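Visitor: I would like to see how this sequence folds:
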Amino acid sequence: MRGWPHHSAWRLAALALPLVAAAAAAQPRPALTADGFNVDLYQGPVMGSSRVVGLGGAYAALGEEAVGIQFNPASVANRTWYSRGRWDWDLTADWLLPNIAGSSRFSFDNSAVPADVSSFTVINVGGLVQYRDFGVGAYVGLQTLTRAITAAATGATRDTDFVFTTAHVDAGYGLLHHQLVLAGGVRVGSLAANAHESGGRLFDLTATGYEVGALIRPAALPLRVGVAFYSQLNRDKPPAGSFSDLAMPHTVVLPWQVTFGVAWQLAGRPMSPAPDYRPPATQPASAPSAPATDAAGRYLLISADVQIAGAVDNAVGVTSFLAGVREESGRGAATSVRLGAESEVWRRRLRLRAGTYYEPSRFATPGRVHGTFGLDVRLFDFTAWGARSLRAGLVGDFARDYSNAGISLGFWH
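Guide: Numbers count the residues shown, from 1 in each chain. Next up, the predicted model:
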């Protein structure tokens, strides 16, 4: 009985927390007024390939293939263990469907303001080209959503398409026999609105910044370390009156981000061997008829990231901006912790992934924990500037008031 009051207090707190959150959500919020706010473009959910999302976004230390560019610019020059020959290249495409479950409580940015969107699609594409220790690449993420906007003057509503785009263009080089990879480039962020029926552009806010990244990949250790920094992007609002149905912000801000990552691998092959620039074999390493070697055998990969995003003064989130109400966002730095694991469970045929990450809240709402999973299946071999194998991937990401699923196409290695 001595511990009863202590445990009761915890029980009462646990019961009261949802009530407090619900009461806060139910409170009326003041309407936004022109020039009285900024828009915080920070996004907590992980958007990327089936591999990246399946690993819970813990990808800064892996930095492999074109999908890694948005998590560490050094990915453009990082030669993987299967990369052979002086030249190499990679292409990737992913299609994600947030709110795949169709929940009315769906909240993309963990805001207490209802999202009220009729469609939401995410498309990511990327590619890179490598020559010996040098590499260049680009990665573009496109998010489109449709929302009914009510005109303040007339009360009439019209469907409006909003497009959020982030693009990365980087170049990098491997030093010390590729045990250190450095890269840098530009990051472009854009928020645009289009009339749903006519497709006419209502406004377009675009800003450009820089990004740098590094990979430490000692050849003698099954370990890799990564770090990446992305500068803050600011853009002033478009001319007054360009979109009269919404109170336009003073600026839109994509906050600075810094990510630290570490990855460890248990396998019969080294994690980060020195690149081999001899011509590649004519047969894909993933072909079932290929000789069984340790280099293509089963493995266990574990990765972890810590990402910190900066604060934004006098800001609201994108959902609040579209709803025309004030919900403060980004008053302090946000820290996300990510963890993932991957294994090839069916040799040269099937890979499975699982991950989790904490999404910090930029609002008064509590943060949330995500659970992720993913898989890749090798489809068939073909020849395109060398022997290749095509793979398809599936991925899912679930949390409180959030769901996301998608498909991916790329190469199997």
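
Visitor: so W89 sits in a strand?
Guide: Yes: membership of W89 in a strand is supported by DSSP: H, G, I helix; E, B strand; the rest coil.

Visitor: Now do the same contact list for it.
Guide: By C-beta atoms under 8 Å, 6 or more residues apart in numbering, the contact list for W89 reads 127-130, 385. No exception for glycine: its C-beta is placed from N, CA and C like everyone else's.

Visitor: Looking at strand pairing, list the partners for V39.
Guide: V252, V316 (DSSP bridges).

Visitor: sorry, back to before: which one of the contacts of W89 is nearest L339?
Guide: Proximity of the contacts of W89 to L339 was ranked by C-beta to C-beta; the top entry is L128 with 26.2 Å.

Visitor: Does the closest one touch N78 like I think?
Guide: No: with contact defined as C-beta atoms under 8 Å, L128 does not reach N78; the gap is 9.4 Å.

Visitor: and for the two, which residues touch both?
Guide: With contacts defined as C-beta under 8 Å, 6+ apart, the residues shared by L128 and N78 are G135.

Visitor: Go ahead and confirm A387 touches D381.
Guide: Yes: A387 sits in contact with D381 when judged by C-beta under 8 Å, with a separation of 6.6 Å.

Visitor: Next, report how far stretch 104-124 is displaced from the centre of its chain.
Guide: Put simply, stretch 104-124 sits 16 Å off its chain's centre (C-alpha atoms, centre = their mean, to the nearest Å).

Visitor: likewise stretch 181-188?
Guide: Using C-alpha atoms, centre = their mean, the offset of stretch 181-188 from its chain centre is 16 Å.

Visitor: For that stretch, give me every contacting residue.
Guide: In this structure, residues lying in contact with stretch 181-188 by C-beta under 8 Å, 6+ apart are 63, 72-78, 135, 165-175, 206-215, 217, 230-231, 233, 254.

Visitor: Out of those residues, which sit inside helices?
Guide: Taking DSSP state H, every one of the contacts of stretch 181-188 sits outside helices.

Visitor: Could you list which of the residues you listed belong to strands?
Guide: Counting by DSSP state E, the part of these found in strands is 135, 165-175, 206-215, 230, 233, 254.

Visitor: among the residues you listed, which ones are buried?
Guide: Applying 16 or more other C-beta atoms under 10 Å to the ones in strands among the contacts of stretch 181-188, the neighbour count classes 135, 165-174, 207, 211-215, 230, 233, 254 as buried.

Visitor: Which helix or strand lies directly C-terminal to whichever strand or helix holds D376?
Guide: Counting by DSSP states H and E, the element that carries D376 is strand 368-383. Where DSSP H and E defines the elements, the next helix or strand beyond strand 368-383 is strand 387-399.

Visitor: helices or strands up against that following strand?
Guide: Where contact means 3 or more C-beta pairs under 8 Å, 6 or more residues apart in numbering; DSSP states H and E, strand 387-399 is packed against helix 50-54, strand 368-383, strand 402-411.

Visitor: Extract the C-alpha set from it and format it as CSV.
Guide: Output of strand 387-399 as CSV, limited to C-alpha atoms (Å, rounded to 0.1, in the frame of the first residue of the first chain):
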residue,chain,number,x,y,z
ALA,A,387,23.9,-6.6,-66.4
ARG,A,388,21.2,-5.5,-64.0
SER,A,389,18.4,-6.9,-61.9
LEU,A,390,15.1,-5.1,-61.4
ARG,A,391,13.5,-5.1,-58.0
ALA,A,392,10.1,-4.0,-56.6
GLY,A,393,9.5,-2.8,-53.1
LEU,A,394,6.6,-2.3,-50.7
VAL,A,395,6.6,-0.2,-47.5
GLY,A,396,4.4,0.9,-44.7
ASP,A,397,4.6,3.5,-41.9
PHE,A,398,2.0,3.8,-39.1
ALA,A,399,1.6,6.0,-36.1
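
Visitor: ok, and for that strand, which residues are buried?
Guide: For strand 387-399, by 16+ other C-beta under 10 Å, it's 387-391, 393, 395-397, 399.
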